[in-house]
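A.B. asks: sequence and predicted structure, then a few things I'm wondering about:
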Amino acid sequence: MTARKLGFFDRFIGEIDKAIKVLTLPTLARRDLAASSTQEPALNDADRKESGRLMRVNHAGEVAAQALYQGQALVARDASLEMTLRRAAAEEADHLAWCRQRLGELAARPSLLNPVWYFGSFLIGTVAGTLGDTVSLGFIAETEKQVEAHLRDHLRRLPLADERSRAVITQMTHDEIAHGQTAIAMGGKSLPFPVVLAMRWSSRAMTRGSYWL
């Protein structure tokens, strides 16, 4: 008996299931926590609060990343591109798990706005994917470029004593760079400057909203 090929509606229902899991269930990392060998630092209340806010922003970014990749994969025209997007999403799921665990260690909560970031990002990813695979790849490359800059900024802003959060962000940075390089190697198309600027504004709104909420 041959397996029934899933139609678009079936796959869309599957995406709803993924969204529910990302937003409500703890994510299990396939790789060991990047900071597992780093001892929990002794942080004062102010530093712990700042680290918690920064890691909340990073967790929100990983929620959005899941949605972006899944939205793009849903409408990808090339099977190899869809596989690449799904693989990247799986690696980003490690980031999601690491950030969530670090939030717990810092006695901080995830962003209350995560559902907004997820569904907004899923819509953006779907739109980018429908514009063609080269545009979709270009969108990934630009997104990862901006995420890399954002993570490096957080490495500068983290309290000096918080080596555990720093280890998590450092590993995340390495992965984001690799994802961007893969997208370029696969033929990612440079995006028009107005689109790049709009992406920056959107990222800034998410960053500021998640920092406080």
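C.D. replies: Structure's in. What do you need? Numbers count the residues shown, from 1 in each chain.

A.B. asks: show me what counts as buried in the longest helix anywhere in the chain.
C.D. replies: What stands out as the longest helix in the chain, according to DSSP state H, is helix 45-75. Judged by neighbour count using 16 or more other C-beta atoms under 10 Å, the buried positions of helix 45-75 are 47-48, 50-75. For every residue, glycine as well, the C-beta is placed using N, CA and C.

A.B. asks: flag the shaky bits of this structure, pLDDT-wise.
C.D. replies: 1-29, 31, 33-39 (pLDDT under 70).

A.B. asks: show the subsequent helix or strand relative to whatever helix or strand I124 lives in.
C.D. replies: Following DSSP states H and E, one finds I124 within helix 114-130. Remark: after helix 114-130, the chain's next helix or strand is helix 133-157, criterion DSSP H and E.

A.B. asks: may I see the buried residues of that following helix?
C.D. replies: Neighbour counts over helix 133-157 (16+ other C-beta under 10 Å) mark 133, 135-148, 150-151, 154 as buried.

A.B. asks: ok, and what's touching the helix or strand following it?
C.D. replies: Per DSSP H and E, the first helix or strand lying C-terminal to helix 133-157 is helix 163-185. In this structure, residues lying in contact with helix 163-185 by C-beta atoms under 8 Å, 6 or more residues apart in numbering are 33-35, 38-41, 51, 54-55, 58, 84, 88, 91-92, 94-95, 98-99, 102, 105-106, 137-138, 140-141, 143-145, 147-148, 151-152, 154-155, 158.
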